[in-house]
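>>> This is the structure alone, sequence omitted:
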Ligand code: SF4
Ligand code: SF4
Ligand code: SF4
């Protein structure tokens with residue numbers, strides 16, 4: 001399937017800078033000819049070239065409206081400042097942040113894709129991005145990282161879907177019980 005082959009080229013940071021809700025939706029849009037191939041800043045020029053070759057379309061410069069190409073980033077939480085509000089947990093697409101409510105939080109380095117989605121949620125600005133000395137997302141060596149991020153992202157989505165279904169079931173059971181008590 002074309003979307004899968006496109007998705008396999010994308011860095012899987014799930015940063016949404018392309019304007020889509022993650023790498024897979026962008027891959028689907030590309031497969032259907034519904035988006036330009038120059039919208040992924042983490043992938044940069046190298047991924048644009050790979051997409052152009054796969055899709056038989058001309059290469060384009062990175063769309064600067066989506067952001068700039070740069071080094072791989074990682075989030076670091078200043079644990080002295082963190083108030084343990086847990087807001088950042090909801091925004092992390094790879095479940096890379098650990099911590100309980102009212103406890104300091106920290107980032108699992110190898111699980112952090114550098115997407116920066118946690119930054120706006122922190123009320124005390126204690127999350128900082130640092131550049132890593134690892135190869136950029138577009139380098140061939142990035143593939144194991146991309147596979148890891150995709151697996152973490154998929155497992156997070158599956159967990160959220162399960163908990164939504166559980167909540168729905170609990171609500172139905174409670175409504176059914178109320179109905180039975182009213183009879
Ligand atoms: S890594 Fe690229 S394709 Fe994936 S969400 Fe970010 S910008 Fe979109
Ligand atoms: S810790 Fe922040 S930057 Fe890292 S993956 Fe999670 S949301 Fe993205
Ligand atoms: S949002 Fe900021 S203050 Fe709240 S738990 Fe996360 S890092 Fe700590």
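Done, it's in. Just so we're clear, the structure is a prediction, and the values are computed from it rather than from any experiment. Ligands and ions are numbered 1, 2, ... in the order given.
>>> Now do the contacts for residue 148.
The contact partners of residue 148, by C-beta atoms under 8 Å, 6 or more residues apart in numbering, come to 110, 111. C-betas here are computed from N, CA, C, even on glycine.
>>> Which pLDDT does the model give it?
Listed pLDDT for residue 148 reads 95.
>>> Where is the longest helix in the chain?
helix 143-182 (DSSP state H).
>>> That one: which residues count as buried?
Across helix 143-182, burial judged by 16 or more other C-beta atoms under 10 Å covers 145, 146, 149, 150, 152, 153, 156.
>>> distance of the third one from ligand 2?
In this structure, residue 149 lies at 8 Å from ligand 2, with C-beta to the nearest ligand atom, to the nearest Å as the measure.
>>> any idea how far that residue is from residue 95?
Here residue 149 is placed at a distance of 11 Å from residue 95 (C-beta to C-beta, to the nearest Å).
>>> Tell me where the protein has strands.
73-77, 97-98, 106-107, 127-131 (DSSP state E).
>>> Would you tell me which one of these is buried the most?
Highest mean neighbour count of the strands of the chain: strand 73-77, a mean of 20 (counted as mean count of other C-beta atoms under 10 Å).
>>> per-domain residue ranges of this protein.
Using automatic domain parsing, the domain ranges for the chain come out as 2-55, 73-131.
>>> Please produce a markdown table containing those, extended by mean pLDDT.
Formatted as a markdown table, the domains of the chain follow (pLDDT from 0 to 100):
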| stretch | mean pLDDT |
| --- | --- |
| domain 2-55 | 97 |
| domain 73-131 | 94 |
